[in-house]
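*Asks:* structure of the sequence below:
(one chain, ligands or ions: 2)
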Amino acid sequence: MKKIVLALVVAGFASVAAQAAEMDFATVDADGNGSVSMEEATAAGWEWSEEEFNAADSDGDGGLNAEEFAAAAAQ
Ligand SMILES: [Ca+2]
Ligand SMILES: [Ca+2]
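*Replies:* Ligands and ions are numbered 1, 2, ... in the order given. Model (predicted):
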């Protein structure tokens, strides 16, 4: 069971990176405040776990700026 969960987590990371690579920051930032919230990313079809989002939010302000977004996309 543990192995299955781990495989899903790994697959999830790979698919997040693939999705992010195809996303444009300005498009995902629906309200245009310069920060992508988990809700905005989810609305754009980007499936985050809370852990993935928090890991990408390196300054911990609860949103991804363009730099954090690009870093997440490059993973
Ligand atoms: Ca926003
Ligand atoms: Ca941030």
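*Asks:* separation between residue 58 and residue 43?
*Replies:* From residue 58 over to residue 43 the distance is 22 Å, taken as Cβ to Cβ, to the nearest Å. Where C-beta positions appear, they are placed from N, C-alpha and C, glycine not excepted.
*Asks:* count of neighbours near residue 27?
*Replies:* Neighbours of residue 27 under the rule other Cβ atoms under 10 Å: 10.
*Asks:* now residue 30
*Replies:* Residues near residue 30, counting by other Cβ under 10 Å, number 14.
*Asks:* what's the answer for the one 4 residues further on, then?
*Replies:* By the other Cβ under 10 Å criterion, the neighbourhood of residue 34 contains 12 residues.
*Asks:* likewise residue 37?
*Replies:* Quick note: residue 37 (other Cβ under 10 Å) scores 18 neighbours.
*Asks:* pretty sure it contacts residue 63?
*Replies:* Yes: counting by Cβ atoms under 8 Å, residue 63 is a contact partner of residue 37 at 5.1 Å.
*Asks:* quick one, helices of this structure?
*Replies:* 2-21, 25-28, 38-43, 50-56, 66-74 (DSSP state H).
*Asks:* going by mean pLDDT, which of these comes out lowest?
*Replies:* Among those, helix 2-21 has the lowest mean pLDDT, at a mean of 57.
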